[in-house]
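S.K.: Structure, please.
(chains A and B)
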Amino acid sequence: MSETINFKKLLSRFQLLIVLLAMVLVLAVQNENFLTVKNIENILQQISINVCLAIGMTLVILTGGIDLSVGSVLGFSGIVMAGFMKNGIEIPSANVLLKFTFHGAVIAGLLTGLVLGLFNGLMITKFKIPPFIATLGMLSMARGWTKLWTRGEPITNLGKGFETVGSGSFIGIPIIIWIPIFLIVVFMIVSRKTRFGRHLYAVGGNEQAAALSGLRVNRIKMGAYTLCGLLSAVAALILTARLNSATVVAGETYELEAIAAVVIGGTSLSGGRGSILGTVFGCLIIGVLANGLVLMGVREELQLVVKGGVILLAVALDKLHSR
Amino acid sequence: MNTSGHKNHESPEIVLKMRGIVKTFPGIRALDGVDFDVYSGQLNALVGENGAGKSTLMKILAGVYQPDSGEISINGYSVTFDNPRQAQAEGIAIIHQELNLIPYLSVAENIFLGCEFCNRLGMINYKKMHSETKRILDKLDLHIDPGTVVSSLRVGQKQIVEIARALSTNAKIIIMDEPTSAISEHEMEVLFGLIESLKRQQVAVIYISHKLDELFRIGDRVTVLRDGRLIGGDVLSNLNHDDIVRMMIGRDLKDLYKRDSSVTDREAMRVENLCLKHPGRPHEWLVDHVSFYVRRGEVLGIFGLMGSGRTELLETVFGLHRKYSNGDVYLEGRRVSIPSATDAIKAGIGLAPEDRKDQGLVLMMNVAENISLASLEKIQRMAFLRESVEKKIADKYVEQLKIKTPSLKQKVENLSGGNQQKVILGKWLATEPMVLLLDEPTRGIDINSKKELYQLIDGLTQMGLAIVMVSSELPEILGVSDRIMVMSMGRKTAEFSRAEANEEVILKAALPRSA
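M.R.: Numbering: from 1, shown residues only, chains lettered A, B, ... in the order given. The predicted model follows:
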């Protein structure tokens, strides 16, 4: 009796790893090109953006909220970075044209994401707008600003700084892969070892009990949304650098992929339960699946159907286990 | 209406039999092979301490829970209920302690929820629904418009609406879970008259109550549960008050409470003219100019009926209603400003709320995480939490409070009610408070845990803590408090020393005056 329970526990703890390994195994047997260094590097580069978004999304979902605006915030932050870098910013009334270095432009972009995230947090805590609605508003506004700024034209040829990030590497591993690795380590520590991390879980687990225990619930939530905005801007840096351009549609529908990764990773949408590591596995599973489908020559339309099915299956399995 | 002395002399029939009902929840065996017989046309009282299993048994009967094992039969036919709908179809209706009405629907809509009169297109026939509602409400002597929105009714009126809902389904068995806990004396008389008329219509009434005097007045039979087991049952006229109490608690009352007075003359907290406005109705006070004090080593008991403002008083002291409240709080003679819970904790006040699961604990977190939740700054260095320190603190309180848990990593949702309450106590002790506010600290926990909690409270005051305990259980208030303050309709109506206090004077001060 107790042995079967332990076996079940073990199974559910390593469920994500098992699913991932099974997928890798099947794909490796099916296609000789799958388990090559080049393809693996390719997969990791593909998912690096989603890892950034999904980490931020995990922080928000742990508090029991959601952020639908990450894709649009990515788009707008990217345009800010690229626009500042390429054209600078003109203030006609003062007859001033500000030019930016690469670092200055990146910092401006990151700050943009941070401020938009903070704005989300303020709407949700001070004005009591449900997270779904508040971030839906931001989804539309940020995309609108992006289009206004560029009048639909992409900003290209951003120069050396972005090129270095986009195609450079460090100890043989592309910088684009280093960034998410760094973030994973930082946020695993933040979520598990710091007071802020503990607060995220407590607020999502029982907001009332957290408030009655003296936690500053509003500040904690604002922190989560602000970090989520900042991480969206980091994702913008990666995307802009990879393409060496910023486009109007950059990041569209990325929020869905991020939410999918978080949910597949076992984080509860009602908050209080989940982990950064789970989310990373969620990103890997989605990434490997997408890559595998392409390698097997599955039509794009069918890829979408399969992806959706996998999300439903993963969550259904999780619900069965947790019952 | 002939309410007095009406007794059914024909031998009554058993309409419902429950046999060997077992139900376990994580960490607790709520029901352990309980038998229960219900007679038609009678008031079948079900009594027992909190945590005895009454509510669980009734929820099984109403189809809310499914038993692990056991049998239910109605009129000799075996039945099983997978959901409340099936129980309803068998003529069982439950009137919950926490009223189950939908606040923003009308009285009529609530009564016919789920069985609306519809035409073929699925449109509701409001005219018929309202006239039918009016007919039922008239029978119950409640004269309100069927279109009234439920949220605007008083508690007693809501209760009658619940009863109306039960009648509309032609229920043969009506369960009433502590129906008089929140209503005025007049409303109680209306209810009792109603019960008599239900009995004449051969409806079986199952009546859960703590108030034994009530039972001797209107009851026919009584069944006693304790710690999930059937202790006994009989016709009420064969028993007296003390018999039932002994069956309920398994020992004499005196053994349960331990209080070695440790009152000092050092004032810990003084509250002056504390007021709390109703957030929606500007001229109503939820707490109306209340002043009190508590000394180190003292237990101040606060008694009040539901709606007396007792919970709101504690919440206001704890800084939860900054916008609507005013008044002064002094700690050791120094005036303190408490705009939020965070400030209250810093100042040295802790609040164990009434609702453990919704307000006290993060159920999916483990024991150690819950204990450290209000004092995380003590275990952090830089921004990082030191697990070893957390473990040490948690260990200390698990040991001091005798929390029964397999490990510190156990999720608190798997602990029993008594141990969960101790975890909450541990959380507050970890903040090293001067004053501890306890709101119904023993609600829903079994008798032995209660006894342990009383001992803990006693021990904590010996160490110099000041405790303010709100309770709606008179024996508890009388057994544990050094001083007792009574509230009614937001006001402080009386204060007694331990020597002066008895059930009668306290209840008298607690009953609302008007009504």
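
S.K.: how near is B:Leu191 to B:Gln42?
M.R.: 17 Å (C-beta to C-beta, to the nearest Å). Quick note: C-beta positions are derived from backbone N, CA and C, even for glycine.

S.K.: what's the answer for B:Lys422, then?
M.R.: Looking at B:Lys422 against B:Gln42, where the rule is C-beta to C-beta, the gap reads 40 Å.

S.K.: Compare the two (neighbour count), which wins?
M.R.: Between B:Lys422 and B:Gln42, counted using other C-beta atoms under 10 Å in any protein chain shown, the more crowded position is B:Lys422 (29 against 24).

S.K.: pretty sure the more buried one contacts B:Thr405?
M.R.: No - here B:Lys422 does not reach B:Thr405: they are 9.4 Å apart, not a contact under C-beta atoms under 8 Å.

S.K.: Spell out which residues make up each domain of chain B.
M.R.: Taking automatic domain parsing as the criterion, chain B consists of the domains B:2-91+B:172-249, B:101-170, B:267-348+B:433-510.

S.K.: count of residues packed around B:Leu105?
M.R.: When counting by other C-beta under 10 Å, one arrives at 14 neighbours for B:Leu105.

S.K.: again, but for A:Phe102
M.R.: Taking other C-beta under 10 Å as the neighbour definition, A:Phe102 ends up with a count of 18.

S.K.: okay, it: pLDDT?
M.R.: According to the per-residue confidence, A:Phe102 scores 91 in pLDDT.

S.K.: what does chain B put close to chain A?
M.R.: Residues of chain B lying close to chain A by C-beta under 8 Å from any C-beta of the partner chain are B:318, B:320, B:340-342, B:344-346, B:351, B:353, B:358-365, B:369, B:373-374, B:376-377, B:380, B:383-385, B:427.

S.K.: redo that, cut-off 6 Å
M.R.: Applying C-beta under 6 Å from any C-beta of the partner chain, one finds that chain B approaches chain A through B:341-342, B:345, B:353, B:359-362, B:364-365, B:373-374, B:376, B:380, B:383-385.

S.K.: Which of those fall within strands?
M.R.: Counting by DSSP state E, the members of the residues of chain B next to chain A that fall within strands are B:380, B:384-385.

S.K.: any idea which of the residues you listed is closest to A:Gly229?
M.R.: Checking these against A:Gly229 with C-beta to C-beta, the nearest one is B:Phe384 at 24.4 Å.

S.K.: quick one: that closest one and A:Lys193 touch, right?
M.R.: Yes - using C-beta atoms under 6 Å, B:Phe384 makes contact with A:Lys193 at a distance of 5.2 Å.

S.K.: Is the nearest residue in space to A:Phe162 that is not next to it in sequence in a helix, a strand, or coil?
M.R.: For A:Phe162, ignoring the flanking residues on the chain, the nearest one in space by C-beta to C-beta, 6 or more residues apart in numbering or on different chains is A:Ala241 at 4.6 Å. When the structure is reduced to helix, strand and coil (DSSP: H, G, I helix; E, B strand; the rest coil), A:Ala241 reads as helix.

S.K.: And the contacts of whichever strand or helix holds A:Ala260?
M.R.: Assigned by DSSP states H and E, A:Ala260 falls within helix A:254-264. By C-beta atoms under 6 Å, 6 or more residues apart in numbering or on different chains, the residues outside helix A:254-264 that reach it are A:50, A:53-54, A:57-58, A:61, A:68, A:70-71, A:279, A:282-283, A:285-286, A:311, A:314-315.

S.K.: just checking, next helix/strand downstream of it?
M.R.: helix A:276-295.

S.K.: Any idea how far stretch B:496-513 is from the middle of the chain?
M.R.: On the basis of C-alpha atoms, centre = their mean, to the nearest Å, stretch B:496-513 is displaced by 20 Å from the centre of the chain it belongs to.

S.K.: mean confidence for that stretch?
M.R.: In this model, stretch B:496-513 has an average pLDDT of 85.

S.K.: Sketch out the low-pLDDT regions of chain A for me.
M.R.: Regions of chain A meeting the criterion pLDDT under 70 cover residues A:1-13, A:318, A:321-323.

S.K.: just the helices in chain A please.
M.R.: Residue ranges of the helices in chain A, as given by DSSP state H, are A:2-13, A:15-30, A:37-62, A:70-87, A:102-125, A:131-150, A:160-167, A:175-193, A:195-205, A:207-212, A:217-243, A:254-264, A:276-295, A:300-322.

S.K.: looking at those helices, which is buried most?
M.R.: Comparing the helices of chain A by mean neighbour count (mean count of other C-beta atoms under 10 Å in any protein chain shown), helix A:70-87 comes out on top with a mean of 28.

S.K.: hmm, who's touching that helix?
M.R.: A:53, A:100, A:105-106, A:108-109, A:112-113, A:116, A:139, A:142-143, A:145-146, A:149-150, A:155, A:158, A:229, A:232-233, A:235-236, A:240, A:246, A:250-252, A:254-255, A:258.

S.K.: Next one: the residue nearest in space to the middle of chain A from A:Ala233, what distance?
M.R.: The structure's chain A has its C-alpha centroid closest to A:Leu53; by C-alpha atoms, centre = their mean the separation is 1.0 Å. The spacing between A:Leu53 and A:Ala233, counted by C-beta to C-beta, is 10 Å.

S.K.: now do A:Gly278
M.R.: Counting by C-beta to C-beta, the separation of A:Gly278 from A:Ala233 is 24 Å.

S.K.: ok, now B:Val222?
M.R.: Counting by C-beta to C-beta, the gap from B:Val222 to A:Ala233 is 69 Å.

S.K.: cool, and B:Asp145?
M.R.: With C-beta to C-beta as the criterion, B:Asp145 and A:Ala233 are 58 Å apart.

S.K.: Checking B:Ser78 next. Helix, strand or coil?
M.R.: strand.

S.K.: Contacts only, for it.
M.R.: For B:Ser78, the set of contacting residues under the criterion of C-beta under 6 Å, 6+ apart is empty.

S.K.: Show the backbone phi and psi for B:Tyr104.
M.R.: When read as degrees, to the nearest 10, the backbone of B:Tyr104 gives phi -100, psi 10.

S.K.: If you tally nearby residues, what's the number for it?
M.R.: Based on other C-beta under 10 Å, the number of other residues close to B:Tyr104 is 10.

S.K.: now do A:Thr253
M.R.: Using other C-beta under 10 Å, A:Thr253 is surrounded by 8 other residues.

S.K.: for the residue nearest to A:Phe162, what are its contacts?
M.R.: By C-beta under 6 Å, 6+ apart, the contact set of A:Ala241 is A:162, A:165-166.

S.K.: if I read this right, B:Ile349 contacts B:Val435, doesn't it?
M.R.: Yes - in this structure, B:Ile349 sits in contact with B:Val435. The criterion is C-beta under 6 Å, and the distance is 4.9 Å.

S.K.: of those two, who's got more company?
M.R.: For B:Ile349 versus B:Val435, the count of surrounding residues by other C-beta under 10 Å is larger for B:Ile349: 28 against 24.

S.K.: mind listing the strands for the stretch 251-400 of chain B?
M.R.: For the stretch 251-400 of chain B, the strands defined by DSSP state E, counting those that start in this stretch occupy B:267-277, B:285-295, B:299-303, B:325-331, B:334-336, B:349-352, B:380-381, B:384-385.

S.K.: pretty sure B:Ile183 is in a strand, no?
M.R.: No - membership of B:Ile183 in a strand is not supported by three-state DSSP, which gives coil.

S.K.: Nearest spatial neighbour of it, chain-adjacent residues omitted?
M.R.: The shortest distance from B:Ile183 to any non-neighbouring residue, by C-beta to C-beta, 6+ apart, is to B:Gly156 (3.8 Å).

S.K.: Checking that neighbour next. Helix, strand or coil?
M.R.: Three states are possible here, and by three-state DSSP the one that applies to B:Gly156 is helix.

S.K.: Tally up the residues packed near it, please.
M.R.: Residue neighbour count, defined by other C-beta under 10 Å, stands at 20 for B:Gly156.
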